[in-house]
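Participant: Need coordinates for the below:
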Amino acid sequence: MKDQEKTPTWFKVVAILAIVWNFMGLIAFFMQITMSAETLAAMPEADRTLYENTPIWATAGFAVAVIAGTLGSAGLWLRKKWAHPVFLLSLIGVIVQQTYIFFISGMMKDAAISSMIMPAMILLIAILLLFYSKRMIKHGWLR
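Facilitator: Residues are numbered from 1 along each chain as shown. Model (predicted):
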């Protein structure tokens, strides 16, 4: 029984990295929604246009992604099974936000491949955290 309750060190490292990653996302979200007019005016025109024209549903997707991701990461650290459906909610938020960025905004049509690295990483990490949490449930490490 005691062996089932003990998780390996790498499990805790992954949970901490997930918390840090998602907390950085929270910071980025709050920086975006509290951006001053001066900061916005100082941006290159393409970036400013993107920020000014982002629909509320894309911003809501961003909020859901980072809030659910942070809560799911905390659930992972606490070894709670509910982390898995919360990570699913986070992934849905990422997909909503990135649907706007990749397919609707037109931002990516002329973008360099390097501009796609961070959005691709965000999507990949959201998917990996979802599958990781499912696997940890199967191992009995999330209850």
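Participant: May I have the secondary structure class of residue 107?
Facilitator: Secondary structure for residue 107, judged by DSSP: H, G, I helix; E, B strand; the rest coil, is coil.
Participant: what number of residues lie near it?
Facilitator: Neighbour count of residue 107, defined by other C-beta atoms under 10 Å: 19. Glycine gets a C-beta too; all of them are placed from N, C-alpha and C.
Participant: now residue 109
Facilitator: 8.
Participant: Quick check: phi and psi at it.
Facilitator: Residue 109 adopts backbone torsions of phi -60, psi -30, taken as degrees, to the nearest 10.
Participant: Tell me which residues touch it, please.
Facilitator: Residue 109 makes contact with no residue, according to C-beta atoms under 8 Å, 6 or more residues apart in numbering.
Participant: Please apply the same query to residue 123.
Facilitator: Contact partners of residue 123, counting by C-beta under 8 Å, 6+ apart, are 94-95, 98.
Participant: ok, it to residue 64 distance?
Facilitator: Taking C-beta to C-beta, to the nearest Å as the measure, residue 123 falls 14 Å from residue 64.
Participant: again, but for residue 101
Facilitator: Residue 101 is 15 Å from residue 64, where distance means C-beta to C-beta.
Participant: Residue 103 too?
Facilitator: Residue 103 is 18 Å from residue 64, by C-beta to C-beta.
Participant: The chain: helices as residue ranges?
Facilitator: Along the chain, the segments classed as helices by DSSP state H run 2-5, 9-33, 37-42, 45-53, 56-77, 83-99, 117-139.
Participant: And the contacts of the longest one?
Facilitator: Read that as helix 9-33. Helix 9-33 is contacted by residues 51, 59, 62-63, 65-67, 69-70, 72-74, 76-77, 90, 122, 125, 129, 132, 136, 141 when judged by C-beta under 8 Å, 6+ apart.
Participant: Now that helix: buried residues?
Facilitator: Going by neighbour count (16 or more other C-beta atoms under 10 Å), the buried part of helix 9-33 is 11, 14-15, 18-19, 21-22, 25, 29.
Participant: now do the third one
Facilitator: If you call a residue buried by 16+ other C-beta under 10 Å, then helix 37-42 has no buried ones at all.
Participant: just how off-centre is it within its chain?
Facilitator: Its chain's average C-alpha position is 25 Å from that of helix 37-42, according to C-alpha atoms, centre = their mean, to the nearest Å.
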